[in-house]
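Peer 1: could you look at this predicted model? Sequence included:
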Amino acid sequence: MSIERVGIVGAGQMGNGIAHVFALAGYQVLLNDISQDSLDAAMARIAKNMGRQITKGAISSEDQENALARIETTLTLTDLGQTDLVIEAATEKEEVKKQIFDTLLPHLKPETILTSNTSSISITRLASGTDRPEKFMGFHFMNPVPVMQLVELIRGIATDDETYKACLEVVNRLNKTAASAEDFPAFIVNRILMPMINEAVYTLYEGVGSVQCIDQSMKLGANHPMGPLELADFIGLDTCLSIMNVLHEGLADTKYRPCPLLTKYVEAGWLGRKTQRGFYDYRGETPVPTR
Ligand SMILES: CC(=O)CC(=O)SCCNC(=O)CCNC(=O)[C@H](O)C(C)(C)COP(=O)(O)OP(=O)(O)OC[C@H]1O[C@@H](n2cnc3c(N)ncnc32)[C@H](O)[C@@H]1OP(=O)(O)O
Ligand SMILES: NC(=O)C1=CN([C@@H]2O[C@H](COP(=O)(O)OP(=O)(O)OC[C@H]3O[C@@H](n4cnc5c(N)ncnc54)[C@H](OP(=O)(O)O)[C@@H]3O)[C@@H](O)[C@H]2O)C=CC1
């Protein structure tokens, strides 16, 4: 089947970037969220990030104009019924994702491929709650989407070859690189990355180093582009905690227990960049450690 119209559920950090790359690649995009503010913020973010690409000469202002014209926004989830591919990129909570699928499914065309941008949750389990486990995939972009080359493709136990191949063609049309991950907790990237971030939080929690020293050590000592605590703020501390909980429960190994300090930040609503405060306070000129 040909994929031309793409529906994206969730206009947060990931949803806006996914809409950005699909629109630039020539797809018609329908971006949905439960809040108009999030939709407005997403469109502004997309325009700004395309502006960065124009400055660098990667795209022309005409490309930006045409791409923005290909993105429609809607607060009505069921408007995505006429799309050929749906990418769910809402909050990393299984009940939220299931609720979205339950609402959307009766309106979807039988041939539409349904996917989730989940960082960690079982694709097989998400798929089993739908009417199309054969057409369900994990379609996992990396943050920030316009910049990161990788997309993890994760097949559920029932995903058929036609669906996998169609998603692979989409990744190629986006000029990105697909990595195939088996459907086990947190797949590949987050199975490796998130325990490192959690260990950085333990390093802070146990007083081995300060926020600044921990991040500086990994940037200057291991050539990471961002320190692990800065990266956690960039991802979202709620998402980091959700992923650690999925690893801890899914693999039943105490080595994945989330650091109590991470839980404390999330319980305080200090979720990182998206709430202006996490391990750093972003409300001033430059980020300041909060501890
Ligand atoms: C949690 C999950 O499920 C999976 C995940 O995503 S794990 C997280 C994976 N992501 C990472 O590890 C990110 C690590 N950090 C980085 O790679 C870099 O810090 C970064 C690319 C985010 C910023 O790079 P930088 O050199 O510090 O900043 P800067 O020079 O301003 O930006 C470099 C490029 O990224 C773009 N960029 C920076 N931040 C951006 C953002 N938030 N959104 C979109 N584009 C962005 C800039 O426009 C610039 O693009 P061009 O090269 O086209 O101009
Ligand atoms: N952050 C990251 O680095 C990465 C995250 N991911 C995954 O992508 C998904 C989204 O993450 P991220 O973008 O960071 O999360 P955000 O919290 O930034 O955005 C989630 C968006 O979904 C909205 N939302 C919540 N419930 C619904 C709903 N029922 N219908 C439509 N929209 C809804 C939220 O609205 P509101 O804020 O009003 O609740 C919010 O705007 C998660 O599954 C995450 O694991 C994957 C790769 C990287």
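Peer 2: It's in. Numbering: from 1, shown residues only. Ligands and ions are numbered 1, 2, ... in the order given.
Peer 1: wait, a strand at residue 58?
Peer 2: No: according to DSSP: H, G, I helix; E, B strand; the rest coil, residue 58 belongs to no strand; its state is coil.
Peer 1: any idea where the helices of the chain begin and end?
Peer 2: 13-24, 36-55, 61-69, 94-104, 123-128, 161-173, 189-205, 211-222, 228-235, 237-251, 260-267 (DSSP state H).
Peer 1: with respect to residue 142, which of those lies nearest?
Peer 2: Comparison of the helices of the chain against residue 142 by CB to CB identifies helix 189-205 as nearest, at 6.8 Å. (Glycine included, C-beta is placed from N, CA and C.)
Peer 1: could you see whether ligand 2 lies near that closest one?
Peer 2: No: residues of helix 189-205 contacting ligand 2 under CB under 6 Å from any ligand atom: none, with a closest distance of 8.1 Å.
Peer 1: do that helix and ligand 1 come into contact?
Peer 2: Yes: Helix 189-205 is in contact with ligand 1 by CB under 6 Å from any ligand atom, via 189-190, 193.
Peer 1: ok, now stretch 24-35?
Peer 2: No: in terms of CB under 6 Å from any ligand atom, no part of stretch 24-35 sits within range of ligand 1; the closest distance is 11.9 Å.
Peer 1: and that stretch, how far apart are its ends?
Peer 2: 24 Å (CA to CA, to the nearest Å).
Peer 1: mind listing what's buried in it?
Peer 2: By neighbour count, with 16 or more other CB atoms under 10 Å as the criterion, the buried positions of stretch 24-35 are 24-25, 27-33.
Peer 1: quick one: which two of those are the most distant?
Peer 2: Spatially, the most separated pair among those is 25 and 33, at 21.3 Å (CB to CB).
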